[in-house]
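Visitor: Structural data only, the sequence is not supplied:
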């Protein structure tokens, strides 16, 4: 997937047309859209093409439980063009976006929804608004985020990685902790695959991190208290604590630009955000949220972190059996 060219003007027009629409009018699904149902899923592909010779796969895995509906709504009614506009301003070539939706597999009817990688405004918007905002959740303080890592590791195929050994990006949004393992019975039910055993969360994250830069975005400082510690144990400074859910697109675009080295430092980031319509107070909030991660991009800081934490978790036997 990922054919066609992106038009910021077309995307802005889509957003403007629904400026006064309610969430229910924008997200009309009342169940999992058949094309986002992961049962029998084979592969979601981010491919190079004549239009996009340097494709870069980017996944947004959105928590759509009751407390997290603001981020997908903001994306669909205001912020997604901001993400694409910032990537364009930073000269990030050929981004291709895929949307996933994550709920709670112990209680929700649509705990996992998976779109396609797309390059055009119309198709990005289509998959985003086909998402069913179930608004559920299990009430245990956990959600099934581990499913996003599993799908990214086993069911996506990125030319940026296969051809150029350039990782894609996986952004999860949420305000709870993951379950401790990918449950084999859930994979059987949701995806239709048989696993020999449950997969520890550390192993499935390590598997996804072989082909993606993985980040967890916490929507605001209030909600960080209930999930930050566990996510930092798993992802370190790839956990980004935002000050507002409205900053998700600016934060994600900044992460891509900084990691790809198209923005050399935080000073240039500030200039770029301000020049592309981000209000001053939001620029400051984005920079504060990104400061720990930006420090990691300094080689000396990165060596110190590796020295302090030891080697990263490695994919386990399940990964080797599946991928060799």
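Guide: Looks like it came in fine. Every value quoted in this text rests on a predicted model; they were computed, and no experiment measured them. Numbers count the residues shown, from 1 in each chain.
Visitor: Assign a three-state SS to residue 99, would you?
Guide: When classified by DSSP: H, G, I helix; E, B strand; the rest coil, residue 99 comes out as strand.
Visitor: who does it bridge with?
Guide: Using DSSP bridges, the bridge partners assigned to residue 99 are residue 60.
Visitor: in this protein, what spans have low per-residue confidence?
Guide: 1-2, 298-324 (pLDDT under 70).
Visitor: counting contacts, what elements does the longest helix seen in it pack onto?
Guide: Using DSSP state H, we find that the single longest helix of the chain is helix 280-296. Applying 3 or more Cβ pairs under 8 Å, 6 or more residues apart in numbering; DSSP states H and E, one finds that helix 280-296 contacts strand 239-241, helix 248-259, helix 266-275, helix 299-309. No exception for glycine: its C-beta is placed from N, CA and C like everyone else's.
Visitor: Between helix 248-259 and that helix, find me the angle.
Guide: Helix 280-296 and helix 248-259 are oriented at 40 degrees to each other (axes from the mean of the first three to the mean of the last three Cα atoms, to 10 degrees).
Visitor: in helix 280-296, what's buried?
Guide: Within helix 280-296, the residues scored as buried using 16 or more other Cβ atoms under 10 Å are 282, 283, 285, 286, 287, 289, 290, 292, 293, 294, 296.
Visitor: Residues contacting that helix, please?
Guide: 215, 236-238, 240-244, 246-247, 250-251, 254-255, 258, 266, 269-270, 273-274, 278, 301-302, 305 (Cβ atoms under 8 Å, 6 or more residues apart in numbering).
Visitor: next one: it to chain centre, how far?
Guide: 18 Å (Cα atoms, centre = their mean, to the nearest Å).
Visitor: Between the buried residues of helix 280-296, which sits nearest residue 174?
Guide: Checking these against residue 174 with Cβ to Cβ, the nearest one is residue 289 at 15.2 Å.
Visitor: what's the closest non-adjacent residue to that closest one?
Guide: Distances taken as Cβ to Cβ, 6 or more residues apart in numbering put residue 242 closest to residue 289, at 4.9 Å, once the chain neighbours are dropped.
Visitor: That neighbour contacts residue 218, doesn't it?
Guide: Yes: contact criterion Cβ atoms under 8 Å: residue 242 and residue 218 qualify, at 6.4 Å.
Visitor: hang on, the earlier thing: may I see the buried residues of helix 280-296 organised as CSV, with distance to residue 169 added?
Guide: Formatted as CSV, those follow (distance: Cβ to Cβ, whole Å):
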residue, distance to residue 169
282, 21
283, 21
285, 21
286, 16
287, 19
289, 16
290, 14
292, 18
293, 13
294, 16
296, 15
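Visitor: Helix, strand, or coil at the most centrally placed residue in the chain?
Guide: Centroid check for the chain by Cα atoms, centre = their mean gives residue 171 as the closest residue, at 2.2 Å. Here residue 171 is recorded as strand under three-state DSSP.
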